[in-house]
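In: Sequence first, predicted model second:
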Amino acid sequence: KIVEMENILSSDFVRERAKEFGVSEDMPLKEGRINVLSVGRFTDAKNYDNVPDICRRIRDKGIDLCWYIIGYGDETLIRQKIHEAGMEEYVILLGKRSNPYPYIKACDIYAQPSRYEGKSVTVREAQMLCKPVVVTNYSTAKSQVQDGQDGVIVPMDNEGCSKGIAEFVKNQEFKNLFVTVLSFGFKYGIPVDSDLVFDVRFLPNPYYVKELKHKTGNDKEVRDYVMGNAEAEIFLQKLNDMIQFLIPNYIKEGKYQLVIAIGCTGGKHRSVTLANELYARMKDKGHYGIKIYHRDMAESSLQDLLR
């Protein structure tokens, strides 16, 4: 039996390191300005040489945007492009950083403008830190980002990319509130950045059903088992009603990020199912951006496989 595990990362590790220091000197906040960040080596694949022109086009559309890049390698080409575009004040090379996570946490948008990618680790890390993600339409983009749901996929050409980012920034949902629906396992700890935490361990556990043990809440069989309990549907209705009441009040008070964490024992069955169901009910409501993230599903699956 072969089980595929894609770039297993510790979200708690990423979040803890993101708290280690402030970055206001390197990445100053300015009212009305959007700070975009990219992280990666200066290679042809990353497409950073086109960032200055993309940034210029975005600013020409009336958006005050500054694009920061953390990375290393030969800077000759990108510095030449920065000069040609007249973006010396707005495309900032921060150099190599041993800990990029405080910068990711501080940015408004994480951007991956690549020509091609495998499975971008930094995109995953930005999602762990609940950052809005924009990626270009490279061949593997759709395997990592659900366009319009947990990120935005924009065209790769400079004008299309700049237009896509500009539209995303102007989107009222982005300005109002960005919601992350997150599943997790209590055995791995409560997510440190959660705003609302809900425990679904009151529901029967599919882990103890032989046919379901090695499946996840993304599988129909597990979903049907969990949602086959009347209590699951009642819980979901009450939870959705409460959240729909809270969101406009959070927006009114100026909150711009909301992390809703749903936990079960291992973060693989019940929490994944309920998070998926809540996300499906919330995503068409409008007035906010939304994405879903299953923090512990892969790690829990690996642990079960190794037992």
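Out: Sure thing, it's come through. Numbering: from 1, shown residues only.
In: what stretches of the stretch 201-307 of the chain score poorly on pLDDT?
Out: By pLDDT under 70, the weakly predicted segments of the stretch 201-307 of the chain are 286-287, 300-307.
In: So which residues of it form helices?
Out: In the stretch 201-307 of the chain, the helices defined using DSSP state H, counting those that start in this stretch lie at 220-227, 230-252, 270-282, 297-306.
In: Can you tell me which of those is packed in deepest?
Out: helix 270-282 (a mean of 24; mean count of other Cβ atoms under 10 Å). C-betas here are computed from N, CA, C, even on glycine.
In: Run a quick neighbour tally on Glu31.
Out: 5 (other Cβ atoms under 10 Å).
In: Kindly confirm my reading that it forms part of a helix.
Out: No. Counting by DSSP: H, G, I helix; E, B strand; the rest coil, Glu31 is not part of a helix but coil.
In: State the distance from it to Asp64.
Out: 9 Å (Cβ to Cβ, to the nearest Å).
In: Same question for Pro28.
Out: 13 Å.
In: For the residue nearest to Lys170 when sequence neighbours are not counted, report the pLDDT, please.
Out: Nearest residue to Lys170, sequence neighbours excluded (Cβ to Cβ, 6 or more residues apart in numbering): Ile63, at 7.4 Å. pLDDT for Ile63: 93.
In: Tell me, how many residues neighbour Gly289?
Out: 25.
In: Residues in a beta bridge with it, which ones?
Out: Phe178 (DSSP bridges).
In: right, and it touches Pro132 too?
Out: Yes. Gly289 lies in contact with Pro132 (Cβ atoms under 8 Å); the separation is 6.6 Å.
In: chain center to stretch 80-95: distance?
Out: 26 Å (Cα atoms, centre = their mean, to the nearest Å).
In: just the helices in the stretch 1-150 of the chain please.
Out: 11-17, 51-60, 76-85, 101-106, 121-128.
In: Ser24: which of the ones you listed is closest?
Out: With Cβ to Cβ as the criterion, Ser24 lies closest to helix 101-106 of the helices of the stretch 1-150 of the chain, at 7.7 Å.
In: Just the residues contacting that closest one, thanks.
Out: Under the criterion Cβ atoms under 8 Å, 6 or more residues apart in numbering, residues 14-15, 17-24, 26-27, 35, 37, 39, 68, 70, 94, 97, 110, 122, 125-126, 129, 131 lie in contact with helix 101-106.
In: now swap in stretch 194-207 and tell me
Out: 182, 186, 190-191, 212-213, 215, 222, 225-226, 229, 231-232, 235, 239, 243, 246, 257-266, 268-271, 274.
In: Could you look up the SS state of Thr180?
Out: strand.
In: Next, count neighbours for it.
Out: Around Thr180 there are 26 other residues, counting by other Cβ under 10 Å.
In: ok, Val91 to Pro100 distance?
Out: From Val91 to Pro100 the distance is 17 Å (Cβ to Cβ).
In: how much space is there between the closest residue to Arg56 other than its chain neighbours and Val39?
Out: Excluding the flanking residues, the one nearest Arg56 by Cβ to Cβ, 6+ apart is Ala85, at 4.5 Å. With distances taken as Cβ to Cβ, Ala85 is found 21 Å from Val39.
In: who has more neighbours, these two?
Out: Between Ala85 and Val39, counting by other Cβ under 10 Å, Val39 is the more crowded of the two (25 against 19).
In: For that one, give the beta-bridge partners.
Out: Ile70.
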